[in-house]
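Novice: when you get a sec, could you give me coordinates for this:
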Amino acid sequence: MKGTRTVDAVVIGGGIIGAATTYYLARQGLKIALLEKDRLATGSTGASVAGVRQQGRSKVQLPLMFTAVNLWQGLEDELGAPVDYVQTGHLMLAGDEEVLEFYRSGPNGVEEQTAAGLRTYIVDRQEARELAPVLEGPFVGGRYCPTDGGAHPQKAVGAFARAAQRLGCTIMERTAVTGLRVEGARIRGVRTSQGDIEAIWVINAASVWAREIGSWAGLDVPIVPIRGQVLFSTSLPPLVRPFVFHGDVEGLRLFIRQRPDGHILTGLGNPLQEEGWDTTVDEDFGFQLRRRLKLLAPSLADIPAERMWGGLYEVTPDTEPIIDIPQESRGLVLSCGFSAGPAVGYHLAQWIATGVRPEILAPFALSRFQEGTAPRRQLLAEMSGKREPE
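Specialist: Numbers count the residues shown, from 1 in each chain. You can find the predicted model right below:
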């Protein structure tokens, strides 16, 4: 396509947030174009393990996750396609009693989140092993949320996109956004490799690339990419039900998730990982991962790998999302830095359609960084027993 087309809104980014936002805007009767520079779900969403986690979330994120879980439970019926969402539970293991106490009484811990309405509780070592018999050590117990789980990233994005198309939306893959159309102080659309598109709204859901797009409108969107690495196994019989996370196995974070299709996704996270765009897999990643699996879950140490990959987390300084319609760049909407795709899309569509910001989104304004009210936090610190932000 060349030339200019006109829509109500352009959504930049074909991951879960972009696809969900497109669908929910279409439900409001808006004409939408979703643009993805590659294929849908080939960026951060496609490289993720697609966990859907409530426990350990911050006070301002938890209500979004409540919305997300409610939406996920009905998505297959609503979208008319499988998304492979399951509530297998999420088990966060504690390597010692100090971490276990942090999980109990620390910020966003069991006591606080139980009071907020989340079903989450402390388990001892034996109870953890009953939930996941493959586990052997080193851990003293953990915290568990039975309503956490996960989905299939490519299936979920595809289901949202096809449902949006049925509502009249245009999905444009292999279409790179190269700039913004600006008239005076207002954004009026985008420039792309396939021609210009006029729009009242431009939604920046470009994940780790959101900062660059924001800069075109004179905004500093403080998002940086941080690499994670994943081993994806061949399809195996059921071996581990809950999503398992351990914050410190010989200095690295270790996660294990088995999907309904039998594939196990497991990997390591380095708390000291520097920001950067490198997505290559370290030469010794497989060795380091299997060595730690042998410590924590020996029967999984030799699972056959179908492939391995590196992907990028989109991280803000306070690890909270940025969901905002900044006054200084009217027409540009920010929806980045988070993974509760359906919930973000649902509430953001309400804001755009009605002009009234849902109160649930108020904590995520970009201005918190200019005002200096946003603390600095380390990614996934709440899952690793860290009492202070780093």
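
Novice: so what touches stretch 238-249?
Specialist: Under the criterion CB atoms under 8 Å, 6 or more residues apart in numbering, residues 49, 51, 53, 88-95, 99, 131-132, 134-135, 138-139, 144, 148-150, 253-258, 262, 264, 292, 295-297, 299-300, 380, 383-385 lie in contact with stretch 238-249. Just so you know, the C-beta spots here come from the backbone N, C-alpha and C atoms, and that holds for glycine as well.

Novice: correction: the previous question concerned stretch 163-176.
Specialist: Counting by CB under 8 Å, 6+ apart, 1, 5, 7, 14, 19, 22-23, 26-27, 31-40, 78-81, 161, 192-194 sit against stretch 163-176.

Novice: report the backbone C-alpha coordinates of that stretch in CSV.
Specialist: Coordinates of each C-alpha in stretch 163-176 appear next as CSV, following Å, rounded to 0.1, in the frame of the first residue of the first chain:
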residue,chain,number,x,y,z
ALA,A,163,-11.1,-10.9,16.2
ALA,A,164,-10.1,-7.2,15.5
GLN,A,165,-10.1,-7.9,11.8
ARG,A,166,-13.6,-9.3,12.0
LEU,A,167,-14.6,-6.0,13.5
GLY,A,168,-13.1,-4.1,10.5
CYS,A,169,-9.5,-3.4,11.7
THR,A,170,-6.6,-3.5,9.4
ILE,A,171,-3.5,-5.6,10.4
MET,A,172,-0.3,-4.5,8.6
GLU,A,173,2.7,-6.7,9.1
ARG,A,174,6.1,-6.0,7.7
THR,A,175,5.2,-2.3,8.0
ALA,A,176,7.8,-0.2,9.8
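
Novice: run a quick neighbour tally on residue 124.
Specialist: Per other CB atoms under 10 Å, the neighbour tally for residue 124 reads 12.

Novice: what ranges do the strands span in the stretch 251-390 of the chain?
Specialist: 252-258, 263-269, 305-315, 322-324, 332-336 (DSSP state E, counting those that start in this stretch).

Novice: in its sheet, what does the longest one sit against?
Specialist: Translated: strand 305-315. According to DSSP bridges, strand 305-315 forms sheet pairs with strand 224-235 (antiparallel).

Novice: before we move on, what SS does residue 247 have?
Specialist: strand (DSSP: H, G, I helix; E, B strand; the rest coil).

Novice: for residue 98, see how far away the closest residue to residue 302 other than its chain neighbours is.
Specialist: Take residue 302 and drop its neighbours on the chain: the residue closest to it by CB to CB, 6 or more residues apart in numbering is residue 290, 7.1 Å away. Shown here: residue 290 relative to residue 98, a distance of 28 Å by CB to CB, to the nearest Å.
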